[in-house]
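**Student:** Based on what follows, work out the 3D shape:
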Amino acid sequence: MSLMREYTFQVSEDGADREFTLNISNDALVSHRARYQDAPAICSERLQLELAAHSNHPPTSDYEITASELENYMERRNPKIGRSAFG
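**Tutor:** Predicted coordinates:
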């Protein structure tokens, strides 16, 4: 069994295609730190950040999604409800 789930994205610019690979650990998905259906969006978000940070030419084409990236994504998608209302 693979330890990572791999997502591949193809980016086209000026007629040139580039391929980027992003990985999420299977453990993160199995342990529910991220949902399987959110994995492509998490990877896409990271790739968009890398492209923006490097003028569309990141220094590498392989990325691993970190635990903190997963946590930040899930917190933004599922904010804790009513904490200040009941505090």
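
**Student:** What are the boundaries of the helices in the protein?
**Tutor:** Counting by DSSP state H, the chain has helices at residues 26-30, 39-53, 67-77, 83-86.

**Student:** Same list (those helices) but as CSV, adding distance to Phe20 and mean neighbour count.
**Tutor:** For the C-beta atoms, the positions are set from N, CA and C on the backbone; glycine is no exception. As requested, the helices of the chain are exported to CSV (distance: least, CB to CB, whole Å; neighbours: other CB atoms under 10 Å):
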stretch, distance to Phe20, mean neighbour count
helix 26-30, 19, 14
helix 39-53, 6, 16
helix 67-77, 15, 14
helix 83-86, 37, 6
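
**Student:** Using a markdown table, lay out those together with mean pLDDT.
**Tutor:** Putting these into a markdown table (pLDDT from 0 to 100) gives the following:
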| stretch | mean pLDDT |
| --- | --- |
| helix 26-30 | 92 |
| helix 39-53 | 96 |
| helix 67-77 | 90 |
| helix 83-86 | 46 |
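
**Student:** closest to Ser12 out of the ones you listed?
**Tutor:** Each of these has some distance to Ser12 by CB to CB; the shortest is helix 39-53, at 12.0 Å.

**Student:** Alright, that wraps it up for me.
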